[in-house]
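1. my questions concern the predicted model and sequence given below.
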Amino acid sequence: MNRQLQQVLRAQASMDGAGVAIQRVAGFEQAAMDPILMIDELRSQHREDFAAGFPPHPHRGMQTLTYMKHGGIIHEDSQGNRGEIRSGGAQYMSAGRGIIHSEMPTQDSLGLHGFQLWFNLPAAQKMQAPRYRDLPLAELAQAAGAGVTATMISGEWNIDGMEPLEGPLQELAPQAAMADIRLDAGADFTLETEPGESVMAYVYDGSVDIDATNLAQRQLLLFGEGEHLLLSGGATGAGFLLLRGRPIKERVVHYGPFVMNSEAEIEQAIRDYQSGRFAA
């Protein structure tokens with residue numbers, strides 16, 4: 001059985017950090033997005049849209065995965081990590097029990113285009129030690145088929161017409177996966193999926209066709225249950241992030257940069273941050 005399109009969420013213009021213009025899909029109350037909490041797209045050729053960046057700020061109880069198409073991000077955190085990714089690279093961070101970090105965007109000749117996704121952590125992992133990892137383009141798994149180009153960042157993938165591929169990032173919980181897919185105009189794409197997992201696609205370029213329905217960029221497509229996902233590139237082709245994950249099915253309580261399971265845990269996170277416990 002093929003997965004059917006169940007819901008379409010449109011990204012909304014917003015501001016974050018010290019005044020960075022973004023397009024955001026928030027999924028804190030969207031069961032069909034579980035375990036993904038939020039998708040931010042940063043895209044501009046004007047430096048004033050992102051120059052102020054994201055000064056130091058805390059997190060607890062969640063993971064971030066940042067992926068840059070063009071430009072880069074400089075990351076520094078309270079654990080002593082410092083990293084910079086450039087075009088095509090990715091960064092992973094698990095906030096765990098608490099971390100303070102900053103992220104400063106940089107541009108290349110094509111400006112800035114990237115994404116940051118928030119993934120939830122199961123309750124049993126929310127208070128683990130923070131982790132950080134850089135993933136330059138050279139480490140990512142890449143393949144091409146008939147009208148299809150795929151870059152695998154995390155997880156295992158079975159795409160029709162390609163050998164099974166595995167992204168280098170296996171730490172992304174719970175069994176979450178992300179790939180960047182490019183389709184030529186009219187090219188067919190078929191993905192084998194696992195029962196019970198959430199499957200979605202964020203279209204960032206062109207459009208995709210699903211059962212005679214055309215869906216354009218800045219839309220998140222949420223799919224129902226099934227063994228396969230089928231879609232095609234639109235009239236000018238398509239670029240989209242393909243996302244999968246095992247739903248956590250736990251209560252989500254979200255306050256700013258903190259994602260926990262209860263109001264009491266949020267209040268404790270605020271106290272711990274204010275008392276300096278995130279700084280080491």
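-> It's in. Numbering: from 1, shown residues only.

2. what sits against residue 51?
-> Applying C-beta atoms under 8 Å, 6 or more residues apart in numbering to residue 51 gives the contacts residue 105. Where C-beta positions appear, they are placed from N, C-alpha and C, glycine not excepted.

3. same check, this time on the one 10 residues further on
-> Under the criterion of C-beta under 8 Å, 6+ apart, the neighbours of residue 61 are 95, 96, 120, 121, 126, 258, 259, 260, 265, 269.

4. could you rerun that using 10 Å?
-> By C-beta atoms under 10 Å, 6 or more residues apart in numbering, the contact set of residue 61 is 94-98, 120-123, 125-127, 252-254, 257-261, 265-266, 269.

5. measure residue 82 to residue 101 for me?
-> Here residue 82 is placed at a distance of 10 Å from residue 101 (C-beta to C-beta, to the nearest Å).

6. from residue 63, how far off is the spatially most central residue of the chain?
-> Note on the chain: the residue nearest the mean C-alpha position is residue 117, at 3.0 Å, using C-alpha atoms, centre = their mean. The gap separating residue 117 from residue 63 is 9 Å, by C-beta to C-beta.

7. in contact with the residue lying closest to residue 20 once chain neighbours are set aside: list those residues for me.
-> Leaving aside its chain neighbours, residue 20 sits nearest to residue 50 (4.9 Å; criterion: C-beta to C-beta, 6 or more residues apart in numbering). Residues in contact with residue 50 (C-beta under 10 Å, 6+ apart) are 17-22, 42-44, 71, 104-107, 111-112, 114.

8. name all residues that make contact with the residue lying closest to residue 223 once chain neighbours are set aside.
-> Closest residue to residue 223 apart from its sequence neighbours, by C-beta to C-beta, 6+ apart: residue 3 at 4.0 Å. Taking C-beta under 10 Å, 6+ apart as the criterion, residue 3 is in contact with 191, 193, 199, 210, 222-231.

9. now residue 262
-> Neighbouring residues of residue 262 by C-beta under 10 Å, 6+ apart: 123, 251, 253, 268.

10. make it 6 Å
-> By C-beta atoms under 6 Å, 6 or more residues apart in numbering, the contact set of residue 262 is residue 253.

11. with residue 155 instead?
-> 167, 177.

12. against residue 141, how distant is it?
-> Distance from residue 155 to residue 141, by C-beta to C-beta: 10 Å.

13. okay, and the common contacts of these two?
-> Common neighbours of residue 155 and residue 141 (C-beta under 6 Å, 6+ apart) are residue 167.
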